[in-house]
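Trainee: no sequence on hand, only this structure:
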Ligand code: AGP
């Protein structure tokens, strides 16, 4: 929910840390700040404020921080208002130690009361501030590294922490427990960050910290130990993302860039996963024998990833014949779902850090189910807690609204369904090849939708003033309707609902009048005629209709004036195409309304707390 970046080296820390913080802005952006150790004054200086990185940048222009050691932070408020006092870094009573924190300290009240009784003075309402006072307590008699080790053992919840001290200015210390933290290795310099893109400008040599690990970074060396002080040897990995991939490349917003990348992402997945007409998942880690033992599947995910799961259910059931249930992680984790060692639990997540999805995985493992994660972020917590893994390889997704990660998740689910269908001999080799052929056509078809995006922009601008939207579809595209509505509401703040069109008469029809836009997904499918009847019912009630239809559909053309045509394709795979006009509609409506498209209010890219 927050972003952390730290630097130790020979260069000026401020520009490096600001640059990294800009890349982490998707993680939280209600307040931010930084602390740098000044060699000259032998002191820690802090600048922080309510606002975004650009505001911090303006402040630092007037009052720069000079030094080669520092920690910066982007906040997404959990405990305490987003304001200057609650912004990180936080200092101890004597301004000797500074910390930044991502996560939640669940036992902070208990710790705070104890520390207050001992005479510590708190400035903020945050849970994070207890961390620095706790370290201060142990620091009176121990080294910084030992004090941190003792302190973190008393914390409950989730935390990634960055710490510096003016008494030991040759060290930058990071701690990871259930919140992400990576180390970047440079020459005469080292970095600490919540994720890889934040430090890609400086190094591609990365160490992924594991749970309950402490990293002590010096200019020329690093040391990793566990919470019991045991030294851990870890080799760095070379990351192949380019810095450009994590930047806008000339697009006005990351969201539009990421929407436009979908054909390339899907082509990449198809090339990587299919060789000699066979489907491969080299990182799967679950054997065919294990997959053959599976009797049922549970999909757990949140938000857009949950909608991908709904499409996955249709694909998995129809292709592999295995019964599938889909549930939002936040519900799954508090029920007693009937799962056992014959259940495959598929956890879908772009970030791999979503708290509810991680908790669902822990619960599934307790019941001895096999857990497969479908994830985009290399080395994220989810990938490390699962038995098996399929990376979506969509590249960094920066915009809070998920687009390319969604269609990448869909494609992986289709391929996995076909893989199971082959394994369980539900489909002949020939039928599998026909499916793969159809999938291979999808990226070109997506490109043709993107070529006509200006037409969608015109429609969007026309409807941008409407007060509410209803998205209707049936069968597999019901999930597309839910996803279209989520995209619109999260970035334009217009109330929007997705509904299975067959449910219309059971309530939502009462909403339809000339002030509501109704988006109907009526592509070629076995429910086409049913959708046509729904269309008549909406017309009769004067709803403002936009239809997403298959190319050259004459019937729709005669019925409605506002139609977005998409290339023809099998109904099973149509969500891969339908997603694009829905994303573009939401995008252009939000732009027209002057919304902050990439960083919508109240949201964060990865929801690492409940
Ligand atoms: C998507 O547009 C949303 N911002 C959100 O629903 C997101 O999909 C959800 O929080 C799940 O995130 P994850 O894929 O990183 O687990």
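Mentor: Yep, that arrived. The structure presented is a predicted model; accordingly, all values stated were derived computationally and were not measured. Numbering: from 1, shown residues only.
Trainee: can we go C-alpha only for contacts and neighbour counts from here?
Mentor: Noted.
Trainee: contacting residues for residue 131?
Mentor: For residue 131, the contact set (CA atoms under 8 Å, 6 or more residues apart in numbering) comprises 99, 151, 152, 155.
Trainee: let's see that with 10 Å instead.
Mentor: 90-92, 98-101, 105, 108, 111-112, 137, 148, 151-152, 154-155, 159, 161, 163 (CA atoms under 10 Å, 6 or more residues apart in numbering).
Trainee: among those residues, which lie within helices?
Mentor: Using DSSP state H, 108, 111, 112, 137, 148, 151, 152 are the members of the contacts of residue 131 that sit in helices.
Trainee: how about CSV for the residues you listed, with distance to residue 573 and pLDDT added?
Mentor: Below are the ones in helices among the contacts of residue 131 laid out as CSV (distance: CA to CA, whole Å; pLDDT from 0 to 100):
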residue, distance to residue 573, pLDDT
108, 48, 94
111, 53, 97
112, 54, 97
137, 59, 97
148, 52, 98
151, 52, 98
152, 48, 98
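Trainee: out of those residues, who's the most crowded?
Mentor: Counting neighbours by other CA atoms under 10 Å, residue 148 leads the ones in helices among the contacts of residue 131 with 26 neighbours.
Trainee: and for it, nearest residue in space, chain neighbours not counted?
Mentor: Nearest non-adjacent residue to residue 148, counting by CA to CA, 6 or more residues apart in numbering: residue 135, 5.5 Å away.
Trainee: how near is that neighbour to residue 109?
Mentor: Remark: distance between residue 135 and residue 109 (CA to CA, to the nearest Å) = 16 Å.
Trainee: so these two - more neighbours on which side?
Mentor: Taking other CA under 10 Å, residue 135 and residue 109 do not tie; residue 135 has more neighbours (25 against 13).
Trainee: and the more buried one, that's in a strand?
Mentor: No: under DSSP: H, G, I helix; E, B strand; the rest coil, residue 135 sits outside any strand and is assigned helix.
Trainee: residue 366 contacts residue 340, doesn't it?
Mentor: Yes: counting by CA atoms under 10 Å, residue 366 does reach residue 340; the two are 9.1 Å apart.
Trainee: settle it for me: which of the two has more neighbours?
Mentor: Using other CA under 10 Å as the criterion, residue 366 and residue 340 rank with residue 340 on top: 18 against 12.
Trainee: which strand or helix spans the more buried one?
Mentor: Assigned by DSSP states H and E, residue 340 belongs to neither a helix nor a strand.
Trainee: residue 605 reaches residue 398, doesn't it?
Mentor: Yes: here residue 605 reaches residue 398: they are 7.6 Å apart, a contact under CA under 10 Å.
Trainee: common neighbours of those two, please.
Mentor: In contact with both residue 605 and residue 398: 24, 25, 26, 27, 598, 599, using CA under 10 Å, 6+ apart.
Trainee: so what's residue 504 up against?
Mentor: Residue 504 touches 472, 510, 511, 512, 534, 537, 538, counting by CA under 10 Å, 6+ apart.
Trainee: out of the residues you listed, which end up buried?
Mentor: Neighbour counting with 16 or more other CA atoms under 10 Å marks 472, 512, 534, 537, 538 as buried within those.
Trainee: just the closest of those to residue 308, please.
Mentor: Nearest to residue 308 out of those is residue 472 (CA to CA; 17.0 Å).
Trainee: and the strand or helix carrying residue 545, what does it pack against?
Mentor: Per DSSP H and E, residue 545 falls inside strand 544-550. For strand 544-550, the elements it packs on are helix 453-463, strand 468-473, strand 516-522, helix 528-540, helix 554-559, strand 563-566, helix 575-592, judged by 3 or more CA pairs under 10 Å, 6 or more residues apart in numbering; DSSP states H and E.
Trainee: wait, which of these is closest to the ligand?
Mentor: When the helices and strands packed on strand 544-550 are compared by CA to the nearest ligand atom, helix 575-592 sits nearest the ligand, at 9.8 Å.
Trainee: look up how far residue 111 lies from the residue nearest to residue 148.
Mentor: From residue 135 across to residue 111, the span is 12 Å (CA to CA).
Trainee: do the same with residue 434
Mentor: Taking CA to CA, one finds residue 434 at 62 Å from residue 111.
Trainee: same deal with residue 192?
Mentor: 27 Å.
Trainee: kindly report the same for residue 118.
Mentor: Taking CA to CA, one finds residue 118 at 11 Å from residue 111.
Trainee: residue 100 too?
Mentor: Separation of residue 100 from residue 111 (CA to CA): 18 Å.
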